[in-house]
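Peer 1: return atomic coordinates for the entry below.
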Amino acid sequence: MTIIELLQKTEFDRVMDCIARRYPKQASMRPFYREAWDIILHTEPTITDDPIRVRAIEGGLPFSIDLEGWKWEKVVGCELELDDDVKCSDDELAAQCLWHLTFYGFTPEDMANAFPEEDEDPTLLPRRKRINLLINTICDKCPDVRMEQLGYLYKTRKIQEVTYRSRAYDVNRRMDYLCETMTQHLRIPLNNMGQISFVLTASSEHPLSDEERQRYDALIESLVTTPELMLKATGSDDSLGTELALLVVKSKARK
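Peer 2: You can find the predicted model right below:
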């Protein structure tokens, strides 16, 4: 059985529950494991005869090796070769494979950027430069947003920016996917005590429909109870293809 075949015969929610039990701090990363799951299921594997050996640790639980850092198309089609002392369910085995595959990032793009040069990593930039980069990125994608609207970010003591992406592989289902991610898989509620900005982007080749805009409005209304502290925008990002991306910027003001 290959990794893709293993994921095909299991269900994400059960597999994610296994990850959360074994690695409790990973529970909050549920939306990103879901994204990785769907990417893997749509990955065309490279043909190979090399198996992936699965060794056991205490209790017979699996410990998958040789998965970290490999391009997914090179390993997800490999046969899983279990040692005799591996005693686990398919869900537990899938959970361990998914955990190891995402060790350096939840998407192939994350993996490609896992070891950037210091001057290329925005997380290593001084605070003001990071805020400048964030504001410029939003304004470049959203022509209706003015820099002055995001000026509050300079007066914050904490900023958290997270991007949630659809991986529907179907332009007609991308909003369903995104709504499900935000309402079902996002287990930690959004913090409404501070300012929050939402930026939904689609490619110019597959722009947002009127129905999608209406559903976006309804989604944000369901997530935020303090609209006076919210900025909501839409924009364009041609790297998305048929998918959507929702950037959420949460912040707390200085005391």
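
Peer 1: three-state assignment of the residue lying closest to Tyr164 once chain neighbours are set aside?
Peer 2: Using Cβ to Cβ, 6 or more residues apart in numbering and skipping residues adjacent in sequence, the residue nearest Tyr164 is Leu246, 4.7 Å away. C-betas here are computed from N, CA, C, even on glycine. Here Leu246 is recorded as strand under DSSP: H, G, I helix; E, B strand; the rest coil.

Peer 1: how much space separates Leu246 from Thr201?
Peer 2: Distance, Leu246 to Thr201, using Cβ to Cβ, to the nearest Å: 8 Å.

Peer 1: compare the two (neighbour count), which wins?
Peer 2: Thr201 (23 against 20; other Cβ atoms under 10 Å).

Peer 1: residues contacting the more buried one?
Peer 2: Lys141, Cys142, Thr234, Gly235, Ser236, Asp237, Leu240, Leu244, Ala245, Leu246, Leu247 (Cβ atoms under 8 Å, 6 or more residues apart in numbering).

Peer 1: can you name the element that comes right after the helix or strand Ser222 falls within?
Peer 2: Ser222 belongs to helix 210-223 when assigned by DSSP states H and E. As assigned by DSSP H and E, the chain's next helix or strand after helix 210-223 is strand 230-236.

Peer 1: direction included, what does that next one pair against?
Peer 2: Here strand 230-236 is paired, per DSSP bridges, with strand 196-202 (parallel).

Peer 1: what about the strand it pairs with, average pLDDT?
Peer 2: Averaged across strand 196-202, the pLDDT comes to 96.

Peer 1: cool, and stretch 89-98?
Peer 2: Here the average pLDDT along stretch 89-98 is 95.

Peer 1: tell me where the model's unsure across the stretch 101-250 of the chain.
Peer 2: Within the stretch 101-250 of the chain, the ranges that satisfy pLDDT under 70 run 116-124, 187-193.

Peer 1: go again with 90.
Peer 2: 109-127, 157-158, 160, 183-195, 221-230 (pLDDT under 90).

Peer 1: show me the strands in it, by range?
Peer 2: When secondary structure is read from DSSP state E, counting those that start in this stretch, the stretch 101-250 of the chain shows strands at 156-165, 196-202, 230-236, 245-253.

Peer 1: okay, domains of this protein per the record?
Peer 2: For the chain, automatic domain parsing gives the domain ranges 3-112, 118-253.

Peer 1: now the longest one, how far from the centre of its chain.
Peer 2: Think domain 118-253. 13 Å (Cα atoms, centre = their mean, to the nearest Å).

Peer 1: so how many other residues sit close to Ser28?
Peer 2: Neighbours of Ser28 (other Cβ under 10 Å): 12.

Peer 1: likewise for Thr137?
Peer 2: Neighbours around Thr137, by other Cβ under 10 Å: 16.

Peer 1: and Leu101, by the same measure?
Peer 2: 25.

Peer 1: that one - nearest residue in space that isn't next to it in sequence?
Peer 2: Leu67 (5.3 Å).

Peer 1: nearest to Leu186, of the contacts of Thr201?
Peer 2: Nearest to Leu186 among the contacts of Thr201 is Leu246, at 10.7 Å by Cβ to Cβ.

Peer 1: residues making contact with stretch 101-116?
Peer 2: So stretch 101-116 is contacted by 3, 29, 32-33, 35-36, 39-40, 67-69, 71-72, 75-76, 165 (Cβ under 8 Å, 6+ apart).

Peer 1: so what's Ala95 closest to, chain neighbours aside?
Peer 2: Cys18 (3.6 Å).

Peer 1: contacts for the helix or strand harbouring the one you found, please.
Peer 2: Element membership of Cys18 [criterion: DSSP H and E] is helix 12-22. With Cβ under 8 Å, 6+ apart as the test, helix 12-22 has contacts from 7, 26-27, 30, 33-34, 37, 61, 91-92, 94-96, 98-99.

Peer 1: residues in contact with stretch 152-171?
Peer 2: So stretch 152-171 is in contact with 31, 35, 38-39, 42, 107, 128, 131, 134-135, 173-178, 181-182, 186, 194-195, 206, 240, 242-255, going by Cβ under 8 Å, 6+ apart.
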